[in-house]
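**Q** no sequence for this one, just the structure:
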């Protein structure tokens with residue numbers, strides 16, 4: 001994790017890990033707008049200034065949590081593709097991991113990945129749709145998102161070296177993977193995802209796979 005994301009590394013102390021654990025719980029429960037450090041301090045029975053020793057404000061905490069999610073997803077893609085040699089199969093695995101419902105990972109006990117996934121769906125755009133996005137980018141706060149995009153774009157380039165827009169396609173893919181689920185829950189007229197009895201995550205995976213492979217198909221491009 002980029003050290004610019006925090007004032008003190010929350011992973012190094014019991015209080016810091018508790019801040020991460022409960023902030024995920026509360027943002028998932030309340031939404032980011034209603035979440036405050038005062039409420040968090042009350043929930044963890046700590047003084048509010050102690051939270052500010054780790055994060056300068058709640059927006060920086062949200063950026064940290066979303067960055068943690070992207071880094072965790074990159075780790076899962078690396079783990080699941082380590083013995084795969086075919087670029088197309090690696091790309092399919094990456095799409096599957098983007099689309100599938102997330103469960104709690106026992107390797108990281110202070111992070112509820114299932115709840116964090118719901119936060120990513122509902123709140124992740126708020127990390128960069130801000131006036132200070134350029135300054136945040138210069139500090140490297142979006143490296144997790146960008147490095148994962150680069151990794152999957154690399155698979156695209158191996159599948160079709162002639163495809164002109166691999167990063168554009170993959171950044172769109174990464175956002176679409178979550179936006180379609182949000183639309184399905186809240187703005188259903190914007191999507192077909194969730195309109196049938198098919199599992200919503202399987203349907204989303206089919207849609208994402210369809211977008212990627214039809215877009216980079218050499219025969220169709222010609």
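**A** That came through fine. The shown structure was predicted, so the numbers you read here are calculated from the model rather than taken from an experiment.
**Q** Which residues are in contact with residue 62?
**A** Residue 62 makes contact with 27, 32, 119, 123, 126-127 under the criterion CB atoms under 8 Å, 6 or more residues apart in numbering. (Glycine included, C-beta is placed from N, CA and C.)
**Q** same thing but 6 Å
**A** Residue 62 makes contacts with residue 127, as judged by CB atoms under 6 Å, 6 or more residues apart in numbering.
**Q** do you know how far it is from residue 90?
**A** Residue 62 is 30 Å from residue 90, where distance means CB to CB, to the nearest Å.
**Q** Same question for residue 196.
**A** 29 Å.
**Q** So between the two, which is more surrounded?
**A** When residue 196 and residue 90 are compared on other CB atoms under 10 Å, the one with more neighbours turns out to be residue 90, at 21 against 9.
**Q** Which of the helices or strands spans the more buried one?
**A** Using DSSP states H and E, the secondary-structure element containing residue 90 is helix 87-99.
**Q** Burial check on residue 39, number of neighbours?
**A** For residue 39, the count of nearby residues is 15 (other CB under 10 Å).
**Q** same question, residue 9
**A** For residue 9, the neighbour count with other CB under 10 Å is 12.
**Q** In space, what's closest to it - neighbours in sequence excluded?
**A** Taking CB to CB, 6 or more residues apart in numbering as the measure, residue 9 lies nearest to residue 16, with 6.8 Å between them; neighbours along the chain are not counted.
**Q** Output the contacting helices and strands for the host helix or strand of that neighbour.
**A** With the criterion set as DSSP H and E, the secondary-structure element containing residue 16 is helix 14-30. Contact analysis of helix 14-30 by 3 or more CB pairs under 6 Å, 6 or more residues apart in numbering; DSSP states H and E lists helix 37-44, helix 113-123 as its packing neighbours.
**Q** Tell me how far that helix lies from the chain's centre.
**A** Averaged C-alpha coordinates place helix 14-30 at 17 Å from its chain's average position (CA atoms, centre = their mean, to the nearest Å).
**Q** buried sites along stretch 156-167?
**A** For stretch 156-167, the buried set under the neighbour-count rule, 16 or more other CB atoms under 10 Å, comprises 156, 159-160, 163, 166.
**Q** my guess is the residue nearest to residue 9 meets residue 10, correct?
**A** Yes. A contact is recorded between residue 16 and residue 10 when judged using CB atoms under 6 Å, the distance being 3.1 Å.
**Q** Could you check which of these two has the larger neighbour count?
**A** Of the pair residue 16 and residue 10, residue 10 is the one with more neighbours under other CB under 10 Å, namely 25 against 20.
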